[in-house]
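Colleague: I would like the atomic coordinates for the input below:
(2 chains)
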2 protein chains.
Amino acid sequence: MVKKRAVILLSGGLDSTTCLAVAKSEGYECYAMSFNYGQRHKAELLAAERIASSFGVKEFKVIGIDMDGIGGSALTDESIAVPEEGVEEGIPVTYVPARNTVFLSLALGWAEVVDADDIFIGVNAVDYSGYPDCRPEFVKAFEVLANIATKKGVETGSLCIKTPLIDLSKADIIRAGVALGVDYAETVSCYQASDEGEACGKCDSCRLRKEGFEAAGQADPTRYCV
Amino acid sequence: MVKKRAVILLSGGLDSTTCLAVAKSEGYECYAMSFNYGQRHKAELLAAERIASSFGVKEFKVIGIDMDGIGGSALTDESIAVPEEGVEEGIPVTYVPARNTVFLSLALGWAEVVDADDIFIGVNAVDYSGYPDCRPEFVKAFEVLANIATKKGVETGSLCIKTPLIDLSKADIIRAGVALGVDYAETVSCYQASDEGEACGKCDSCRLRKEGFEAAGQADPTRYCV
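Modeller: A predicted model of the protein is given here:
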């Protein structure tokens, strides 16, 4: 029997790594994709590469995109500071305009080339950071688009955006990942990690991650720089 | 009164240039965007830059994307030949997987940053090349997505994908452009143009363009390399 194939968006963080573990456990042949989009640090790309290798993916690809040429986010524009005072209401300055739309579009292109029906993205709607492109309605709208936008979609209607983490809290995600053998020491979530992958412990992403390990009753393996 | 703003996808070809002319004539402050995505030649990028300048756009941006890393098209993979025997039925090998989805996603990101409500794309459904992502249903699905995917879309619901050429034949487009003062000698449509922008005269894009000038009763200003 031919193994079903999936493209997995892999940032090297906690969520996307768990997502890869889920896809692998469901028997997919995995194609992992990362993006060099002008983010503040490259530690997450190195983490993604190590993680892809340790999960034995069929292929790992880093796609470069000049999103820093567009700007508009603390993650791609050095002149906008990453908030360190705690998670606030509303859409934060770490929101990168249209990021998940761009990432899913490129994953869609690769899915078509490798003939994968499924695209995994590790968005979750519970402990999320207030980004519009992490919501279930966004994922649904992209799936509709995918089956209209591509040769494969038009011919088969079979393209599917998989979000196994969408209804999970950060603690649930960590529990699921630990059960699947994920080594979270390998992952980098911090918005402003050092080149060696040490986390600041203060940004929203660090805070949500730290709280997740506490709530899950798991030791936090994150290497903090303080 | 504040001028309304638009992002215009500008490839440097006949359609997108006409599209820019239409946006300009409708009073928009224009932000023109091109992509260096691993296409076979850079002549179209040089053409886009000249055209953007001659139309006095507010800003012109070339965004790099490693789409050749994904492959799957005669336009981004040198090992797949560009057909020269005439336009055939079905989706041709010059189709680039998910290209317009990727381009519109990046235009959407930029629209959010410059606070533009409208994105212009020069797709047309009549004399088109059989690409799924040039159809009205694709454009509609992307517009729905845009208003769900972004901060601006969620807050205002005002994002709009404008396709002024969608119902026009190639001849109609040329007539409209000539009336708006477009100099088509500046545009490059050929899939495999020389570095100087000379057209092969044989690929689907050249054939459709040539037939368009004939049907419009206009002299064809294209510089052919034969």
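Colleague: leaving out chain neighbours, which residue sits closest to residue A:222?
Modeller: In space, and not counting its chain neighbours, residue A:222 is closest to residue A:199: 5.2 Å by C-beta to C-beta, 6 or more residues apart in numbering or on different chains. Where you see a C-beta, it was placed from the backbone N, CA and C, and this is true even at glycine.
Colleague: typo on my end, residue A:180
Modeller: residue A:21 is the one closest to residue A:180 (C-beta to C-beta, 6+ apart), at 4.1 Å.
Colleague: which stretches of chain A form helices?
Modeller: Secondary structure of chain A (DSSP state H): helices at A:14-25, A:43-54, A:99-114, A:136-149, A:151-156, A:170-179, A:204-216.
Colleague: so the third one versus helix A:136-149, what angle?
Modeller: With axes from the mean of the first three to the mean of the last three C-alpha atoms, to 10 degrees defining the directions, helix A:99-114 sits at 40 degrees from helix A:136-149.
Colleague: show me what counts as buried in helix A:99-114.
Modeller: Buried positions in helix A:99-114, judged by neighbour count with 16 or more other C-beta atoms under 10 Å in any protein chain shown: A:99-114.
Colleague: for that helix, give the mean pLDDT please.
Modeller: For helix A:99-114, mean pLDDT is 96.
Colleague: can it be said to contact chain B?
Modeller: Yes - judged by C-beta under 8 Å from any C-beta of the partner chain, helix A:99-114 comes into contact with chain B at A:99, A:100, A:101, A:102, A:105, A:106, A:108, A:109, A:110, A:112, A:113.
Colleague: cool, the last one as well?
Modeller: No - under the criterion of C-beta under 8 Å from any C-beta, chain B is not reached by helix A:204-216; the shortest gap measures 15.7 Å.
Colleague: with just CA atoms, put that helix into CSV.
Modeller: The C-alpha trace of helix A:204-216 is given here as CSV (Å, rounded to 0.1, in the frame of the first residue of the first chain):
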residue,chain,number,x,y,z
ASP,A,204,4.5,36.0,25.0
SER,A,205,5.7,32.8,23.4
CYS,A,206,8.0,32.0,26.4
ARG,A,207,5.2,32.8,28.9
LEU,A,208,2.6,30.6,27.2
ARG,A,209,5.2,27.7,26.9
LYS,A,210,6.3,28.0,30.5
GLU,A,211,2.7,28.0,31.8
GLY,A,212,2.0,25.0,29.6
PHE,A,213,4.7,22.9,31.2
GLU,A,214,3.5,23.9,34.7
ALA,A,215,-0.1,23.1,33.9
ALA,A,216,0.9,19.8,32.3
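Colleague: what helices and strands are in contact with it?
Modeller: Counting contacts by 3 or more C-beta pairs under 8 Å, 6 or more residues apart in numbering or on different chains; DSSP states H and E, helix A:204-216 is packed against helix A:170-179.
Colleague: quick check: the gap between the closest residue in space to residue A:130 that isn't next to it in sequence and residue B:112.
Modeller: Leaving aside its chain neighbours, residue A:130 sits nearest to residue A:91 (5.1 Å; criterion: C-beta to C-beta, 6+ apart). Computed as C-beta to C-beta, to the nearest Å, the residue A:91 to residue B:112 distance reads 11 Å.
Colleague: overlap in contacts of those two?
Modeller: The contact sets of residue A:91 and residue B:112 overlap at residue B:151 (C-beta atoms under 8 Å, 6 or more residues apart in numbering or on different chains).
Colleague: hang on, residue A:108 packs against residue A:149?
Modeller: Yes - assessed by C-beta atoms under 8 Å, residue A:108 is found in contact with residue A:149 at 7.0 Å.
Colleague: quick one: residues contacting residue A:17.
Modeller: With C-beta under 8 Å, 6+ apart, residue A:17 has these contacts: A:10, A:51, A:122, A:177, A:182, A:184, A:186, A:187.
Colleague: burial count for the fourth one?
Modeller: Under the neighbour criterion other C-beta atoms under 10 Å in any protein chain shown, residue A:177 is assigned a count of 24.
Colleague: before we move on, what about the fifth one?
Modeller: Residue A:182: 22 surrounding residues under other C-beta under 10 Å.
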